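Q: Coordinates only, no sequence provided:
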């Protein structure tokens with residue numbers, strides 16, 4: 001345990017003074033539509049104040065760990081993200097059950113599942129705490145994790161979605177995430193992504209500044225935004241959305257100079273996660289988690305049946321701790337079979353129409369897609385919008 005002389009984070013008690021509500025289904029769908037329209041959305045007061053308080057305590061604990069490491073090992077922590085490099089930790093479910101509570105928070109997971117499916121997985125989990133004068137990232141997209149050639153932009157169904165929950169206030173000065181609205185529909189990728197930079201490089205990325213100035217001249221109506229939000233709020237953005245960490249231009253003694261952050265990425269269940277949580281989390285630990293969390297770290301199969309073990313569902317590997325998840329798996333078995341059958345028929349119908357050169361109307365396409373898709377897709381959203389506009 002760190003001693004009291006080590007540097008700690010200080011949070012304002014007022015950061016916990018907000019009202020938390022579980023979003024209605026209508027509110028969830030509104031945020032999903034914003035994600036499809038703009039590529040991102042922000043949910044204010046997304047998590048309970050009690051959970052935020054625990055995350056703030058954890059942030060202080062992590063800070064002590066970083067300070068102790070540096071004192072004992074005399075190391076300067078640097079990585080590709082900047083000269084003061086964010087002190088960061090991964091495998092958050094293995095650090096505290098409160099990170100598990102964050103990952104399955106209803107106001108977060110319900111939105112996520114409507115984008116990447118009910119059988120989604122945790123793609124990566126990271127705690128970061130950017131300091132004053134920390135460099136911004138260069139613009140990048142996270143769909144590049146799965147290959148530029150395999151998945152052509154723009155995508156009809158998105159591969160992954162990111163969430164950041166602010167443990168303290170996110171401001172334009174302490175490096176709130178930068179996002180280009182609508183960029184998820186662009187065919188192009190950023191000019192560069194996450195290239196290593198030297199410690200002498202400036203806080204502002206020269207590549208970003210050059211691109212942003214040229215883009216502004218060519219597209220005066222399109223500007224990037226920053227995810228400015230209060231502690232306890234969550235920003236969501238699609239992996240296909242152009243984004244980057246903003247520069248932290250605060251002074252060390254400035255209020256909110258640091259920006260402790262919990263980043264949780266989710267990916268589709270049939271894709272390989274960026275972070276391999278399954279080999280880092282012991283069965284005994286996963287057995288203590290809630291069924292929703294067990295599913296997110298890989299102890300269930302996808303709708304198509306990917307991810308089984310020699311015992312069938314991987315939940316069986318958890319002993320008694322996996323019984324609740326096994327019950328859920330058994331209860332939904334018929335529903336999953338029906339969904340798979342509908343999707344198979346849909347693909348067969350689509351193939352037969354293509355062979356006969358049959359073209360469906362917008363209404364027929366929408367009906368067909370809704371019949372066989374278990375997640376809302378960008379294509380469905382755009383068809384709905386197109387049909388609505390045609391009736392005005």
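A: Yep, it's here. Treat the numbers as computed from the prediction; the structure is a model and nothing was measured.
Q: Longest strand in this protein, by number of residues?
A: The residue-count maximum for a strand in the chain (DSSP state E) belongs to strand 121-129.
Q: so what strands line up beside it?
A: Sheet pairing of strand 121-129 (DSSP bridges) gives strand 87-90 (antiparallel), strand 261-267 (antiparallel).
Q: out of the ones you listed, nearest to residue 140?
A: strand 261-267 (13.1 Å; Cβ to Cβ). (Glycine included, C-beta is placed from N, CA and C.)
Q: Now do that closest one: distance to the chain's middle.
A: Offset of strand 261-267 from its chain centre (Cα atoms, centre = their mean, to the nearest Å): 4 Å.
Q: Tell me which residues of the helix or strand just after that strand come out buried.
A: Sequence-wise, the next helix or strand downstream of strand 261-267 (DSSP states H and E) is helix 283-286. For helix 283-286, burial by neighbour count (16 or more other Cβ atoms under 10 Å) applies to 285, 286.
Q: For the next helix or strand after helix 283-286, name the packing helices and strands.
A: Counting by DSSP H and E, the next helix or strand C-terminal to helix 283-286 is helix 291-296. The contact analysis (3 or more Cβ pairs under 8 Å, 6 or more residues apart in numbering; DSSP states H and E) places helix 291-296 against helix 97-103, helix 323-331.
Q: With distance to residue 341 as added columns, please give these in JSON lines.
A: Shown next, in JSON lines, are those (distance: least, Cβ to Cβ, whole Å):
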{"stretch": "helix 97-103", "distance to residue 341": "31"}
{"stretch": "helix 323-331", "distance to residue 341": "18"}
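Q: coming back round to it: out of the strands paired with strand 121-129, point me to the one whose mean pLDDT is lowest.
A: Ranked by mean pLDDT, the strands paired with strand 121-129 bottom out at strand 87-90, with a mean of 82.
Q: And this structure, what are its domain boundaries?
A: Domain assignment of the chain by automatic domain parsing yields the ranges 13-267, 283-331, 334-390.
Q: Do me a favour and get the end-to-end distance for stretch 173-186?
A: In stretch 173-186, first residue to last residue: 28 Å (Cα to Cα, to the nearest Å).
Q: Return the set of buried residues in that stretch.
A: 173-181, 183-186.
Q: Pick the one among those closest to residue 340.
A: In terms of Cβ to Cβ, no member of the buried residues of stretch 173-186 lies closer to residue 340 than residue 184, at 27.9 Å.
Q: On the three-state scheme, the closest one is what?
A: Here residue 184 takes the helix state, with states given by DSSP: H, G, I helix; E, B strand; the rest coil.
Q: Sounds good, over and out.
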